[in-house]
Structure formats: C-alpha cells, structure tokens
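Asks: Prediction below, plus the sequence it came from.
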Amino acid sequence: MNIFSGHIATIQVNESLSLVSIQMNEHITLQTIVVETPATVSYLQKENPIRVLFKETEVIIAKIATPQISILNSIEGTINTIEKGILLSKITIDTSIGVIVSILTTQAMDKLELAAQQKVVALIKSNEIMVAE
Amino acid sequence: MIDWGPIILTAKLALLTTSILFVISIPLAYWLATTRSKIKPIIETLVSMPLVLPPTVLGFYLLMAFSPGNAFGAWLQEYFGIQLIFSFSGLVIGSIIYSLPFMVNPIQSGLSSLPTSFSEASYVLGKSKMNTLLNVLLPNIKPSLLTGIVLAFAHTVGEFGVVLMIGGNIPDKTKVVSIAIYDEVEALNYSNAHLYSLLLFGITFVVLLSVYMINGGYLKRFWK
Amino acid sequence: MITIDIHKTLQNSNGTMSLAIQLTIEKGQLITLYGPSGSGKTSTLRILAGLMSPDTGHILVNDKKWIDTDKNIKLSPQQRKIGYVFQDYALFPNMTVRKNLEFALEKGQDKSIIEELIDIIALKKLQHKKPTTLSGGQQQRVALARALVRTPDILLLDEPLSALDVTMRSKLQDYITKVHKRYNLTTILVSHDIGEIIKMSDKIYCLEDGKIVRQGNPIHIFTNNQLSGKFQFTGKIITIKKEGVVYLVTVLIGNNVVKVIAQESEIAALKTGDLVVVASKAFNPVLMPIQT
C-alpha cells in the first residue's frame, strides 16, 4: 500500500459522493472520489490533514507526461529500483511526495524498456485512491 | 398367626413421618442450598447428626425433653394436654428428627446441582421465589425428591432405638414391627420373629429396588 | 434512555478488581461490551438485571430508578423488565419449548405474543419438544424468544453465540437484529467476536479491568483509522504465500474465503491467524446475479 499525507484543498459534493482534491505539496494535487460526504465523516473538512492510500497494482507508469488521458492524478519521478519477476515486477519511483511503489506486468515493463534512473510519470485513477484520517 | 397391629402401626408411622418430612424438608433444603448465612454449617451439622449419632442418644434426649417432669414436657402437658412420651405423636416427632437428614440431604444436593441460571432466569422473567421453586426447581429434581421420600420411609420403617427409648412397647400405640421382632425374640417366639423380619426384608428390598430402577443408579451416585 | 453509573469491588482469580462503569445508552440502540474475560462484562449485565448489587451507584431506565444506593432504592429482578439470555441458555428441562415461553407470560398478559414469537423465530416445529432434545442453535433461539415474551425494556445477551458454529451464528445474529428492530429494544450484547460486533452493534464499549477504556463506533475502534473504503470486512488470515514480487494472502471472512494480493511492506506486520480489515473502494467490486 502506498501511503502519503496531504491536506484537503477542495471538496465537491453531489448526493452521497464527494470529489476531494488533496494538496500533497506545492506542485502535486491528487483527486479522489469517495462514497462519503462531510456529513458522514468528520475528517472530510477543508484544510484537514489526511492520508491517501492506493494499491501498488493500481499505479500506472508512463514514460512521458500525456495530457491526452482521462487520469488526472500524475506524479513525476525517477525510477530507483526494479525487481523483476516472471509475471509481475516491482519498481520504486522517487517523487516529490515520497517513494511510490508500482507493480506491473513484466511484459509491460519490458515493452516500455524501463530502467533505473529513468524519468517516468506515475498515474493513479481517482477512484483507486482511498483516504483516511 | 402373627399380630398385624405392629405392621399397620409401622406403615402409619412411616407414611405420616415421610409426608411431614417432605413438607418441612423442602423449605429447609432450599434454604441450605441457597443461603450464604454464617450459621449454615451449624444447621447442616444439626440436620445430619442423626446419621452418626447412636439412636439411643437421640432417644434419651427426646425422652428427657418430652418427659412431663421437664420444663418442655410440662409445658406441652399443661397448655396442649399432649403427652409425647410413650405416645404415637411422640414417635412421629422422634422419627421426623431421626430421619430428617435422609430427606433433606438428597433434596439439598439436588437443588445445589441445578445451575444457578435456572432460578436467575426465572426471577428475570418476573417469577417469585415460591413460583420458581414449585415450577422450575422442584420439577427438575424429581429423582432427588423420590430418593428422599424412599430413604426417609425406609429409614423410619427400620428405626428401633429412638422408638424403644421414647415409645416403649405399647401395642397399637408404639409397638412397631422392629420392636415386635425384638419382643418375639425375647419371648423365644422365633417363627413370628421370622415372619416380621421377612416382611421388613421384603418390603425394603422391593422399595429400594424400584428406586434404583426408576432413577437409574442415582442412589449409588448419591451415596458414593 | 438508560444511564448507568455503578461501582463494585469484585473478587476474581487475580485478587480484587474494582468495577466502575459509566455509560448512557439511547433507546433502540444495540451496544456491545467487549473485553478480555474477567474484565467485568458479565458482572455489568448481572447488576443491570438485579442479580448482583453494586456497592454504590445508580441505574436509571427510561426515567425510572432501578437502583440508587444513596436513596436505598433497589428493584428486584422481578420488578425490572429485562430479557436475559444466559450463556448456558437456562431453558427449563421440565417444560416443552412452548411451555418455556408460556411460563414467561405475566399475569393477564395477552397470549398472542407467544404465537408471534414462535412465528418470528421459527419455532413452530420445535414447540412441543423438550429443550434437551434440541441443538445448541435451536436452544439459543428458544432462549431468545423466551426472553422477549415480557416485551422487556432491555435485552441482555451474555455471549449468546459463542458455542455455535459460523453458519448458525450468522443466522442467530440475523434473528437478534430482527427482533431488536421489531420490538424497538435496547440491547446490550457481550461478545468476543469482532465480525459479529461490527455487523450488529451501534456502539462498542471496551472494558479492561473493570473500566471502560475505549468506546465508539465498532469499525473505528477495531480499525484505528477511518478508512474511506466502503467495501470493508474483517477476517482472519489463513495463509500468506509469496508469489514472485507480491504475496497472496488468504483471508476467512465469515464463512467465505477471499484472496488478496499484498506487498512485502504490508505483510511485514501480519501473520497467520491475525484479524485484518479487508478494504477496497466501492468502485471496484462487480455484482452478478445468482441463478436460483
């Protein structure tokens, strides 16, 4: 599980769903959609410190930043380590919010020709990010 | 031919004693099974004393107490016109005291063996202690009740020392079978003694056997 | 509403323990007392039922004083309207199932409640049987029904399901939830089963050594963090297996076995037998109809 801390920047509520944007640092803002509202949980308040959690297997890797994509959450970084398995591989990426771990198929990694020290972009869909106090 | 008087008297005494014992032993056993009073061991000891005390000791003290020459006996004589000594009523009272542990102990142990949650569940359902005792506790210790009844009955049938001390040997009043046997032996009337003895033997055997069969070994467990 | 503030010095195997419980329960709530054995859960129930007396304190139920040691007020168990389901069920062996229920009727109470309970708790087929011929789960249902005959103010359940297997348990949990809602009961449950507590109770009070050390929403208490994942279950880890760069963790949730892919850092703190929360976002699961 990738876990990072940030502060709630904005909350957009519609019925029982909320779209929350979380300021991770001065450059990075992550968006998440949750089945909670400020009325159901106390921690959904502007300025509140909050943790974001997402599974390694949900981290998508791109070699260049692509604005033409439906994924809004993108974090630039540099590949630190690569652990190659037969079907799945694990890479760690140094970013401005911390180390992000990604697990992807070895096939995909080979296709992208990923290697240590390479610059990449980690992408996470909004509905894959969980939040916690 | 033997005299049937002692047999009828014995049956009367045993039935009456057992009935009275049953009525007084239930509250007493219930109290002993549930109380946390400090005097419980003393009461328990007193109830059980007849188990080990020679019947003559008990008979002797009862004789003393009932004797009109004594305060208690005189008081009974004066206010109620009852003379307990050498009378059937005296015999009943003596038998009740003498057979008390045989009725109280099985009932007490039966009540103690029931989970406390039975009475607690009944109280929580709004039922009084009396209602609980009659409808929940007693119906669930039927084997113990039967054991108490049979033991008290059989024990009363077989008593000798107490009867001899306070009842003497008055035909149709205090002359029970066990005394009659003694009497016949004294008179060297062995055939009558045989008949009485055989009768007691037979009755006791049948009564105890039926209890064993009904309770499926309960008595054995109780006397272990 | 029930307000409890009681103190009692208890003797247990570790010497003396001082029980000091303060809590307020809203009408219609189902709350759980949770904690290690000997922490005072059953004693609290017994004091509420009047089977045990506190040294000092008071109990107020719907504005009626059940106990006030300052004013020497103490209602007997008979005077309190309590439904108590004992750990050993305490069904009366001399009575049939139906007679057990009928025994609980108050003087002049309408008998129709018996039919209603037999119907709700599905006892029709068992009603003429003696309790000793019933299975644990069936006895449990009878005990529950009997406790409800008086339509009590409070239903007290002392680890009612601990002796039952998983399937029976979940069935009984449903019955309890059903009657709790149906009769608008205020229910106090003593339980050790975290899954059961999360499934059933509105609020949990954690007892340790006679004191309430934590209280709150069961999910919050047991998971420490308020995770936003809506697809949450508690389960027990059966196996942890390394599969290449990831780990495959098998978790028993209720009587279902699920598998979760986890990472080395996640399983570092876990071992077989541990209780875990399995969480996912509400967006991920798919639903498919079952052919029946």
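Replies: Alright, I've got the coordinates.
Asks: So which residue is smack in the middle of chain B?
Replies: In chain B, the centroid-proximal residue (C-alpha atoms, centre = their mean) is residue B:99; its distance is 2.9 Å.
Asks: So that one sits against residue B:154, correct?
Replies: No. With contact defined as C-beta atoms under 8 Å, residue B:99 does not count as touching residue B:154 (9.1 Å). Backbone N, C-alpha and C define where each C-beta goes, glycine included.
Asks: Just the residues contacting stretch B:118-125, thanks.
Replies: By C-beta atoms under 8 Å, 6 or more residues apart in numbering or on different chains, the surrounding residues in contact with stretch B:118-125 are B:34, B:129, B:131-132, B:135-137, B:140, C:49-51, C:76-78, C:80, C:82-84, C:86, C:90, C:92, C:103-104, C:146-147, C:149-150.
Asks: quick one: that stretch to chain centroid distance?
Replies: 32 Å (C-alpha atoms, centre = their mean, to the nearest Å).
Asks: Export only the CA atoms of it, formatted as CSV.
Replies: This file holds the C-alpha atoms of stretch B:118-125, laid out as CSV (Å, rounded to 0.1, in the frame of the first residue of the first chain):
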residue,chain,number,x,y,z
PHE,B,118,-32.4,-21.7,36.3
SER,B,119,-33.6,-19.6,39.2
GLU,B,120,-32.0,-16.4,37.9
ALA,B,121,-33.7,-16.9,34.5
SER,B,122,-37.0,-17.4,36.3
TYR,B,123,-36.5,-14.3,38.5
VAL,B,124,-35.6,-12.2,35.4
LEU,B,125,-38.9,-13.5,33.8
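Asks: picking up where we left off before, would you mind listing which of the contacts of stretch B:118-125 are buried?
Replies: When these are checked for burial by 16 or more other C-beta atoms under 10 Å in any protein chain shown, the buried set is B:34, B:132, B:135-137, B:140, C:49-51, C:77-78, C:80, C:82-84, C:86, C:90, C:92, C:103-104, C:146-147, C:149-150.
Asks: Which ones among those lie within helices?
Replies: B:34, B:132, C:49, C:103, C:146-147 (DSSP state H).
Asks: from these, which single one is nearest chain A?
Replies: For these, the residue nearest chain A by C-beta to the nearest C-beta is residue C:147; the value is 34.3 Å.
Asks: thinking again about what came up before, and the residue nearest to the centre of chain B, what does it touch?
Replies: Going by C-beta under 8 Å, 6+ apart, residue B:99 touches B:17-18, B:21, B:50, B:151-152, B:155-156, B:159.
Asks: could I get those residues as TSV with pLDDT?
Replies: Formatted as TSV, these follow (pLDDT from 0 to 100):
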residue	pLDDT
B:17	93
B:18	94
B:21	94
B:50	88
B:151	88
B:152	91
B:155	88
B:156	89
B:159	84
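Asks: Mind picking the two most distant members of those?
Replies: Using C-beta to C-beta, the contacts of residue B:99 span at most 15.1 Å, a distance reached by B:18 and B:50.
Asks: Of those two, which one has the most company?
Replies: It is residue B:18, of residue B:18 and residue B:50, that has more neighbours when counted by other C-beta atoms under 10 Å in any protein chain shown, with 26 against 20.
Asks: Surely the more buried one is within a strand?
Replies: No. Under DSSP: H, G, I helix; E, B strand; the rest coil, residue B:18 sits outside any strand and is assigned helix.
Asks: mind listing what the residue of chain A found nearest chain B touches?
Replies: For chain A, the residue closest to chain B is residue A:40, as judged by C-beta to the nearest C-beta, at 38.8 Å. By C-beta under 8 Å, 6+ apart, the contact set of residue A:40 is residue A:16.
Asks: gap between it and residue B:103?
Replies: 68 Å (C-beta to C-beta, to the nearest Å).
Asks: What number of residues are in the vicinity of the residue in chain A that chain C sits nearest to?
Replies: Proximity of chain A to chain C (C-beta to the nearest C-beta) peaks at residue A:85, 3.5 Å away. Number of residues near residue A:85 (other C-beta under 10 Å) recorded here: 15.
Asks: helix, strand or coil for the residue of chain A closest to chain B?
Replies: Residue A:40 - assigned by three-state DSSP - is coil.
Asks: among the contacts of residue B:99, which are within reach of chain A?
Replies: Counting by C-beta under 8 Å from any C-beta of the partner chain, nothing from these sits close to chain A.
Asks: could the residues you listed be laid out in a markdown table, adding secondary structure?
Replies: Compiled in a markdown table, these are given as follows (three-state DSSP):
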| residue | secondary structure |
| --- | --- |
| B:17 | helix |
| B:18 | helix |
| B:21 | helix |
| B:50 | helix |
| B:151 | helix |
| B:152 | helix |
| B:155 | helix |
| B:156 | helix |
| B:159 | coil |
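Asks: which of the buried ones among the contacts of stretch B:118-125 come close to chain A?
Replies: Within those, nothing lies near chain A by C-beta under 8 Å from any C-beta.
Asks: what does the model give residue B:99 for pLDDT?
Replies: On pLDDT, residue B:99 comes in at 91.
Asks: Check residue C:224 too.
Replies: 55.
Asks: residues contacting the nearest residue to residue B:172 once chain neighbours are set aside?
Replies: Excluding the flanking residues, the one nearest residue B:172 by C-beta to C-beta, 6 or more residues apart in numbering or on different chains is residue B:5, at 5.0 Å. For residue B:5, the contacting residues are B:171-172, B:175, by C-beta under 8 Å, 6+ apart.
Asks: what do you get for residue B:184?
Replies: By C-beta under 8 Å, 6+ apart, the contact set of residue B:184 is B:190, B:192-193, B:196.
Asks: measure it to chain A for me?
Replies: 98 Å (C-beta to the nearest C-beta, to the nearest Å).
Asks: In stretch C:117-130, which residues are buried?
Replies: C:117-118, C:120-121, C:123, C:126-127, C:130.
Asks: Greatest separation within the residues you listed: which pair is it?
Replies: The farthest-apart pair in the buried residues of stretch C:117-130, when distances are taken by C-beta to C-beta, is C:120 and C:130, at 21.8 Å.
Asks: Return the helix or strand in chain C with minimum mean pLDDT.
Replies: The weakest-scoring helix or strand in chain C, judged by mean pLDDT, DSSP states H and E, is helix C:218-223 (a mean of 76).
Asks: Which stretches in chain A count as strands?
Replies: All strands of chain A, identified by DSSP state E, fall at A:2-14, A:17-23, A:29-34, A:49-54, A:60-62, A:73-84, A:88-95, A:98-105, A:119-124, A:130-132.
Asks: In JSON lines: those strands, plus mean neighbour count and mean pLDDT.
Replies: What follows is the strands of chain A, written out as JSON lines (neighbours: other C-beta atoms under 10 Å in any protein chain shown; pLDDT from 0 to 100):
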{"stretch": "strand A:2-14", "mean neighbour count": "15", "mean pLDDT": "92"}
{"stretch": "strand A:17-23", "mean neighbour count": "19", "mean pLDDT": "92"}
{"stretch": "strand A:29-34", "mean neighbour count": "21", "mean pLDDT": "92"}
{"stretch": "strand A:49-54", "mean neighbour count": "19", "mean pLDDT": "90"}
{"stretch": "strand A:60-62", "mean neighbour count": "17", "mean pLDDT": "92"}
{"stretch": "strand A:73-84", "mean neighbour count": "16", "mean pLDDT": "92"}
{"stretch": "strand A:88-95", "mean neighbour count": "21", "mean pLDDT": "93"}
{"stretch": "strand A:98-105", "mean neighbour count": "18", "mean pLDDT": "93"}
{"stretch": "strand A:119-124", "mean neighbour count": "20", "mean pLDDT": "93"}
{"stretch": "strand A:130-132", "mean neighbour count": "22", "mean pLDDT": "87"}
